[in-house]
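have a look at this prediction, sequence included:
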Amino acid sequence: MSMPTLLVYGSYGYVGELVAREAIDRGLDPILAGRDREKLREQVDELDQPGRRFSLEDHDVVAEALADVDCVLNCAGPFSNTAEPLVYGSLESGTDYVDITGEIPVIESIRDRDDEAVDAGVTLLPAAALSTIPMDCLAAHLADRLPEADSLALGVDSFRIPSIGTVRTVIEGADTGGAVRRDGDLERVPTAWRTREIDFGRGERPAVTMPMGDVCTTHYTTGIPNVEMYAVMPQPARLALRSHRYLAPLFESKPLRWTLKQLAGIREGPSKRRRERGSAYVWGEAQTDDGEQVVSRLRTPDPYVVTVDGAVTTAERVLEGDTEPGFQTPAGAFGADFVFELEGVEGFFDESMPAASSPVSPLLQ
């Protein structure tokens, strides 16, 4: 029996190359893929792996390119541009789909194709990265601890220089503002809508609400109807995010977006040494409408390390047939303890408060 085939799309980007090298190290023998002929040829020669160049403009071309592939791992952001054609190609070719997006509209659009995926026998598993894998698994753990929970707040403390792809993704969605989940529905809120002092595991630090994809995934994993996501931000960054509320109309300009994305290309991602020394602290709080509360935390390696490990581990599990057809979330597919399959993750660090002394969650006010 031949080995299942993995194709890494966007394999020559900053994160894509880290993912491709990790997949090679694990013996997955991936096909390297993307739309840039020169970058792909250079990578294929350097890594001595098969390559496949195709653009995403013609959906039928995408389906043909995936016809002999068992799983495609999409590392090419912004995913608002790449997910839809690759998901279409996956459904047409019977190829399982994994990506590392954190974009809410992308995750929602993929979930909307759940019925199609079930009918096609295809797994669609977006957001196999940090923060989603740790957040999703933490949410599932909290829901197990407090099954009656009505609200969920989660956050991450790890401020670092983003990669080129991350910066371009942020620019692409810069005019969308923030989002929370309220009574099961997505609700748009202003950028940096709320600030909380949160103890992520090394003392209280100010964190602001962020439109992270975990607003979607943790809701679908747990069924909890009210969800907020937070990230630690230093004061200058918080001020900049709040200013975004008034500057957002500027980002609707396509020429401005194009210019900013070109400037973003100047920035490289963190060095290997920085990745090896980095870490992240992940916090979660579940609460009932009468104030009963549980809190749990995780500590993980650097976000890029978790993203690479998580993406490849997810692809391995999908290739092994460990998922059901249809839309899946990381913890929904593999359980709350899936996060501990990633190297260097520590937790769950649990605490709880009786209802009489618990503060009321902002989402239940």
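Thanks, I have it.

please, where are all the helices along the stretch 251-365 of the chain?
Here the stretch 251-365 of the chain has its helices, by DSSP state H, counting those that start in this stretch, at 254-264, 272-277, 303-319, 330-334.

could you dump those to TSV with distance to residue 228, mean pLDDT and mean neighbour count?
For glycine as for every other residue, the C-beta is placed from the backbone atoms N, C-alpha and C. Below are the helices of the stretch 251-365 of the chain laid out as TSV (distance: least, CB to CB, whole Å; pLDDT from 0 to 100; neighbours: other CB atoms under 10 Å):
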stretch	distance to residue 228	mean pLDDT	mean neighbour count
helix 254-264	28	43	13
helix 272-277	29	79	12
helix 303-319	20	97	24
helix 330-334	18	98	24
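
and of these, who's closest to residue 226?
helix 330-334 (18.1 Å; CB to CB).

on contacts alone, who are the packing partners of that closest one?
strand 123-125, helix 132-145, helix 214-222, helix 303-319 (3 or more CB pairs under 8 Å, 6 or more residues apart in numbering; DSSP states H and E).

let's see that with 6 Å instead.
Applying 3 or more CB pairs under 6 Å, 6 or more residues apart in numbering; DSSP states H and E, one finds that helix 330-334 makes contact with helix 132-145.

other residues contacting the helix it packs on?
By CB atoms under 6 Å, 6 or more residues apart in numbering, the list of residues contacting helix 132-145 from outside reads 152, 154, 213-214, 217-218, 221-222, 282, 284, 286, 294, 296, 298, 300, 310, 329-331, 336, 338-339, 348.

possible to save the helices of the stretch 251-365 of the chain as TSV with distance to residue 17?
Supplementary listing: the helices of the stretch 251-365 of the chain in TSV, determined by distance: least, CB to CB, whole Å:
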stretch	distance to residue 17
helix 254-264	17
helix 272-277	12
helix 303-319	10
helix 330-334	23
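
the ones you listed: which one's closest to residue 200?
Shortest distance between residue 200 and the helices of the stretch 251-365 of the chain, using CB to CB, is found for helix 303-319: 13.6 Å.

just the angle for that closest one relative to helix 132-145, thanks.
Using axes from the mean of the first three to the mean of the last three CA atoms, to 10 degrees, one finds that helix 303-319 and helix 132-145 are set 70 degrees apart in direction.

mind giving me the packing neighbours of helix 303-319?
Applying 3+ CB pairs under 6 Å, 6+ apart, one finds that helix 303-319 contacts helix 14-25, strand 71-74, strand 96-99.

tell me the strands beside the second one, with direction?
It refers to strand 71-74. strand 6-9 (parallel), strand 96-99 (parallel) (DSSP bridges).

ok, which of those strands comes nearest residue 271?
With CB to CB as the measure, strand 6-9 is the member of the strands paired with strand 71-74 nearest residue 271 (21.9 Å).

mean confidence for the closest one?
Across strand 6-9, pLDDT averages out at 98.

on that earlier part again, to residue 19, which of the helices of the stretch 251-365 of the chain lies closest?
Among these, the nearest to residue 19 by CB to CB is helix 303-319 (5.3 Å).

and residue 105, which of the three is it?
Classification of residue 105 using DSSP: H, G, I helix; E, B strand; the rest coil returns helix.

any idea how far it lies from residue 216?
According to CB to CB, to the nearest Å, residue 105 and residue 216 sit 9 Å apart.

who's more crowded, those two?
More crowded of residue 105 and residue 216, by other CB atoms under 10 Å: residue 216, with 28 against 18.

show me the contacts for the more buried one.
With CB under 6 Å, 6+ apart, residue 216 has these contacts: 104, 107.

for the helices of the stretch 251-365 of the chain, which one sits closest to residue 44?
Smallest distance to residue 44 across the helices of the stretch 251-365 of the chain (CB to CB): 19.0 Å, for helix 303-319.

could you give the angle of that closest one to helix 14-25?
Going by the same axes, to 10 degrees, helix 303-319 makes 50 degrees with helix 14-25.

now residue 117: which helix or strand?
Using DSSP states H and E, residue 117 falls within helix 114-120.

equivalent analysis for residue 208, please.
Element membership for residue 208 (DSSP H and E) is strand 204-209.

which strands or helices does that strand pack on?
The contact analysis (3+ CB pairs under 6 Å, 6+ apart) places strand 204-209 against strand 195-199, strand 226-232.

where does the stretch 1-150 of the chain have low pLDDT?
The stretch 1-150 of the chain contains residues with pLDDT under 70 at 1-2.

count of neighbours near residue 37?
Other residues close to residue 37 by other CB under 10 Å number 10.

wait, doesn't it sit right on residue 54?
No: assessed by CB atoms under 6 Å, residue 37 is found out of contact with residue 54, at 10.4 Å.
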